[in-house]
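# Build me a model from this:
(one chain, ligands or ions: 1)
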Amino acid sequence: MMDAKILEKYRKAGKILAEVRAEAVKKVRPGVPLLEVAEFVEALIKENGGVPAFPCNISRNDEAAHATPSANDISVFGEDMVKLDIGVHVDGYIADTAITVDLSENPELIKASEAALENAIEIVHAGVSTAEIGDVIEKTINEFGYKPVANLTGHGLDRYVQHAAPSIPNRHVEQGVRLKAGDIIAIEPFATNGAGHVSESGAAEIYRVERLKPVRSPAARELLKELEKYKMLPFAKRWLHQVRLDFVLNQLEAMGVLRSYPVLKEDVGGLVSQAEHTVIVEKEGCQIISR
Ligand code: CO
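Next comes the predicted model:
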């Protein structure tokens, strides 16, 4: 069983996250700059005593995930389907949540991912298989006439690790793993009116350190020094101040030190909705920490 002090940190991260999410949703209106919302979210997390576990993701329409504004981004919200994916950590213990704000008048697509999340949470308890969760998610989304995004999954969470085992499928899979009491998992169904598959598209604004290696170039060393505080968690390019930043990021990515996360877009341009909560698995059910 997990240490009570650790559980307390997860719950604190979740509480901060729920408060920040509620404030962030109010900011998403036509004409508002995306950068303003991302910076608002990240600042509010810190004000409330947490640390962003990853950059505030603001993915719109056929973008499913990994979009975050660049430092000089001037784009504003239009009649978009807006996914806010937000993470907070307290001493490395992460809570992860996502909500879709609909400025596009597609309420049923949003209900599909929200209902899938509710139905999935309903069956979580020690001993349930992740395959059963995937089945419930796919079935619920299909009932609304949509498809789950098959190649995006929920995930376990660990200290300073955002995507730990086990992965939580959003569709039927042959083989699952059984959850245990004390597991911390993020369940995040994505529903779409498209093909149900996403691919990487365009330049990345999000990176993380994947494997530390000795590097020679002073500029690369300087950047790695700046990145130390993020450990292995994702960070945004706009958070960094290094000179010749693109050059150094590319160099470190080529060496395998950094990994980039390009925007994931729906393959046929379908709209995508997402809902996500982080839960602690218990003997008889689960506790939602990001509610
Ligand atoms: Co997540």
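# Please list the residues of the stretch 101-250 of the chain that sit near the ion.
186, 188 (C-beta under 5 Å from the ion). All C-beta atoms are positioned from the backbone trio N, CA, C, and that covers glycine.
# which ones are touching the residue of the stretch 101-250 of the chain found nearest the ion?
Closest contact between the stretch 101-250 of the chain and the ion, by C-beta to the ion, is at residue 186 (4.1 Å). By C-beta atoms under 8 Å, 6 or more residues apart in numbering, residue 186 lies in contact with 96-97, 154-157, 168, 276-279.
# Report the separation between it and residue 85.
For residue 186, the distance to residue 85 equals 10 Å [C-beta to C-beta, to the nearest Å].
# cool, and residue 40?
15 Å.
# out of those two, which sits in the busier spot?
With neighbours defined as other C-beta atoms under 10 Å, residue 40 and residue 85 compare such that residue 85 has more, 24 against 16.
# SS state for the more buried one?
strand (DSSP: H, G, I helix; E, B strand; the rest coil).
# isn't it right next to residue 274, touching?
Yes. Residue 85 lies in contact with residue 274 (C-beta atoms under 8 Å); the separation is 6.9 Å.
# Specify the beta-bridge partners of the residue of the stretch 101-250 of the chain closest to the ion.
In this entry, residue 186 is beta-bridged to residue 155, residue 278, by DSSP bridges.
# Give me the helices and strands touching the longest helix along the chain, please.
If you go by DSSP state H, the chain has its longest helix at helix 4-27. On a contact count with 3 or more C-beta pairs under 8 Å, 6 or more residues apart in numbering; DSSP states H and E, helix 4-27 meets helix 34-47, strand 81-90, strand 93-102, strand 277-281.
# Redo these as a markdown table? Include mean pLDDT.
Output for these, formatted as a markdown table (pLDDT from 0 to 100):
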| stretch | mean pLDDT |
| --- | --- |
| helix 34-47 | 98 |
| strand 81-90 | 98 |
| strand 93-102 | 98 |
| strand 277-281 | 98 |
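# Between the ones you listed, which one is closest to residue 18.
strand 93-102 (7.3 Å; C-beta to C-beta).
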